[in-house]
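Asker: Just a sequence and a predicted model for now, questions to come.
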Amino acid sequence: MRKTSIVSARELYNKLNITTPYAEWIESVKEYGFNEGFDFIDVDDDTIMSISMTTSICIITKSPQSTKIMEALEAA
């Protein structure tokens, strides 16, 4: 991942190899109690997420890919 303080939800979705359609997945993610305008914003056909939200999603996902993403975020 690029060194940044925000993450594209669509990019994270692809890196995590999620099988649920993107639109369904992102709506379910938003139901975890994240705050629009603070944790994420919707931009065109993507959602831009904070590092904190991204890390939380990786923890919930519990996959080898999510572990690698969290390690990359911590190293940034």
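Answerer: Here it is on my side, so go on.
Asker: where along the chain do the strands fall?
Answerer: In the chain, the strands defined using DSSP state E lie at 6-8, 40-43, 46-50.
Asker: Can you add distance to residue 61 and mean neighbour count and give these back as TSV?
Answerer: Heads up, the C-betas are built off the backbone N, CA and C, glycines and all. Shown next, in TSV, are the strands of the chain (distance: least, Cβ to Cβ, whole Å; neighbours: other Cβ atoms under 10 Å):
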stretch	distance to residue 61	mean neighbour count
strand 6-8	13	18
strand 40-43	16	14
strand 46-50	13	19
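Asker: Just the pLDDT for the residue positioned nearest the centre of the chain.
Answerer: Nearest to the geometric centre of the chain sits residue 54, at 3.9 Å (Cα atoms, centre = their mean). Here the pLDDT value assigned to residue 54 is 93.
Asker: And for residue 74?
Answerer: Listed pLDDT for residue 74 reads 79.
Asker: Provide the count of other residues in contact range of it.
Answerer: By other Cβ atoms under 10 Å, 9 other residues sit near residue 74.
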